[in-house]
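Provide a 3D model corresponding to the input given below.
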Amino acid sequence: MYRIITEETVAGDKAVTSHYLKIIYEAIIKAGKECAFGWIDGAPKSDTLIFDECKVALKYRLRGYRNTVVWVQGIVPEEAIMKGYSRWRYYAHSIIESLVLKKCKLVIFCSQEMRKHYEKKYQLKFDKYFVMPCFNENEVDQRAFENSEKYEKNNYVYIGGLQPWQCFGETLQVYKKIEENSANPVNLYVYTAEIETAKKEIQKAKIKNFHIEYKVKEELGECLNKIKYGFVLRANVEVNRVATPTKLSNYISHGIIPIYSDCLKSFDQYNKDSNGPALVCNVEDLESGMKEILKSSDTKPDANKIKDWCERTYNTYYGQDAYVLELEKLIRII
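Now for the predicted structure:
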């Protein structure tokens, strides 16, 4: 029996699942195994438990459950340092990671770069592992290509929170330069729950053409369908080098050309291999990024080529069905 356990399901909310965990669940079922979300007291020690956090996995290992699978969403110790926590938290999380990852039946990473990070940090060699980028859409919204003005107007978008590591300030810097140097009208759309903070930052940057709003996921897609470019800027640090931000999948699902930092190694490699239209803009060199964006914005891209690339991306890099089949084969032999 397989059991998918998160902090939420431990707390009693068995309805809490992510898009990613549903893929894992489907693969287990296709492999002919039983699987359930949540924990029940007295579960046999022979059950295989699946976790999305090492700290939760450790609790169950200490209770005698040895068959564990962990989906690693991010390098938590390094994230703690980035968020300004004390050094002891880094060491505590590192110890937890080391203890859990060394004993897992299977580890699921969001990038090959993440696997390399752990193998180097803890002198490990993972024999059984699976790599799948984080994404929370499963198809391309065809309505995104019905708007004939989508690629004629230079509309830009930023979605998500305003934490420092999301580089909202740097995004505003490069957009301000685009606004000042563009031969054609440009507009910035910001969709965030932190409306007042975003407004203050935008006004501080002296940006002229902008729109700020909060939309729930079910409403956001319609707004994104009219946008040409989407920002995903990140600083070149280890946390970002191993990451696969979900907003990239949001953008591509709606036909948006990503503007990203090439420290996002997994997506950068995919964009290069697929001859993708995504544009590189590094926070360490915003001037060069701005020039590339302006060069792109001066021409109207072929909407059919963009659509073809987006659909190929959702059949390969974000190919849910393919990942289910690949993971199913691995589950059968662990």
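
Tell me which residues of stretch 157-176 come out buried.
Along stretch 157-176, these residues count as buried under the neighbour rule (16 or more other C-beta atoms under 10 Å): 157-160, 162, 166-168, 170-176. Where you see a C-beta, it was placed from the backbone N, CA and C, and this is true even at glycine.

for stretch 83-91, that is, sorry about that
For stretch 83-91, by 16+ other C-beta under 10 Å, it's residue 90.

Keep only those of the buried residues of stretch 157-176 that are in helices.
168, 170, 171, 172, 173, 174, 175, 176 (DSSP state H).

From the residues you listed, pick the one nearest residue 45.
Distance to residue 45 across these (C-beta to C-beta) is lowest for residue 168, with 46.9 Å.

Next, the contact list for the closest one, please.
With C-beta atoms under 8 Å, 6 or more residues apart in numbering as the criterion, the residues that contact residue 168 are 158, 162, 198, 201.

Could you check the pLDDT of it?
What the model reports as pLDDT for residue 168 is 97.

Which of the contacts of residue 168 sits closest to residue 84?
The shortest distance between residue 84 and any of those, using C-beta to C-beta, involves residue 162 and amounts to 15.3 Å.

That closest one against residue 201, yeah?
Yes: using C-beta atoms under 8 Å, residue 162 is in contact with residue 201, at 7.3 Å.

Neighbours of the closest residue in space to residue 195 that isn't next to it in sequence, how many?
The shortest distance from residue 195 to any non-neighbouring residue, by C-beta to C-beta, 6 or more residues apart in numbering, is to residue 212 (5.5 Å). Other residues lying near residue 212 total 18 when counted by other C-beta atoms under 10 Å.

so what's residue 212 up against?
For residue 212, the residues meeting the contact criterion (C-beta under 8 Å, 6+ apart) are 190, 191, 192, 195, 198, 199, 202.

So the residue lying farthest from the centre of the chain versus residue 33, what's the distance?
In the chain, the greatest distance from the average C-alpha position (C-alpha atoms, centre = their mean) is reached by residue 42, at 35.2 Å. Computed as C-beta to C-beta, to the nearest Å, the residue 42 to residue 33 distance reads 20 Å.

so where is this protein shaky, pLDDT-wise?
Judged against pLDDT under 70, the low-scoring parts of the chain cover residues 8-17.

Now do the strands in the chain.
Remark: strands assigned in the chain by DSSP state E are 2-5, 35-37, 48-51, 68-71, 106-109, 129-131, 154-159, 186-191, 210-213, 229-232, 257-260, 279-280.

mind putting those in TSV, distance to residue 18 included?
Conversion of the strands of the chain to TSV gives the following (distance: least, C-beta to C-beta, whole Å):
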stretch	distance to residue 18
strand 2-5	10
strand 35-37	11
strand 48-51	12
strand 68-71	9
strand 106-109	12
strand 129-131	16
strand 154-159	18
strand 186-191	20
strand 210-213	25
strand 229-232	20
strand 257-260	22
strand 279-280	29
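
Among these, which comes closest to residue 328?
Shortest separation from residue 328 across the strands of the chain is recorded for strand 129-131, at 10.6 Å, computed as C-beta to C-beta.

ok, residue 103 touching residue 66?
Yes: taking contact to mean C-beta under 8 Å, the distance of 7.1 Å between residue 103 and residue 66 places them in contact.

Now for residue 242, how many residues are close by?
Applying other C-beta under 10 Å, we find 25 other residues in the vicinity of residue 242.

Hmm, residue 120 and it touching each other?
No: the pair residue 242 / residue 120 is not scored as a contact, 11.3 Å apart, by C-beta under 8 Å.

show me the contacts for residue 2.
With contacts taken as C-beta under 8 Å, 6+ apart, residue 2 has the following neighbours: 28, 33, 34, 35, 36, 47, 48, 49, 50.

and which of those residues is nearest to residue 262?
residue 50 (32.4 Å).

For residue 244, see how far away that closest one is.
19 Å.

go on, residue 205?
Here the distance between residue 205 and residue 244 works out to 28 Å (C-beta to C-beta).

And residue 285, by the same measure?
As defined by C-beta to C-beta, residue 285 lies at a distance of 22 Å from residue 244.

the more surrounded of those two?
In this comparison of residue 285 against residue 244, neighbours counted by other C-beta under 10 Å, the higher total goes to residue 244 at 25 against 12.

hang on, that one packs against residue 113?
No: between residue 244 and residue 113 there is no contact, the gap being 9.2 Å when judged by C-beta under 8 Å.

Touching both of those two, which residues are there?
Any residue near both residue 244 and residue 113 by C-beta under 8 Å, 6+ apart counts here, and that gives residue 266.

before we move on, the earlier item: please pick the buried ones from the contacts of residue 2.
Using 16+ other C-beta under 10 Å as the burial test, the contacts of residue 2 include 28, 35, 36, 47, 48, 49, 50 as buried.
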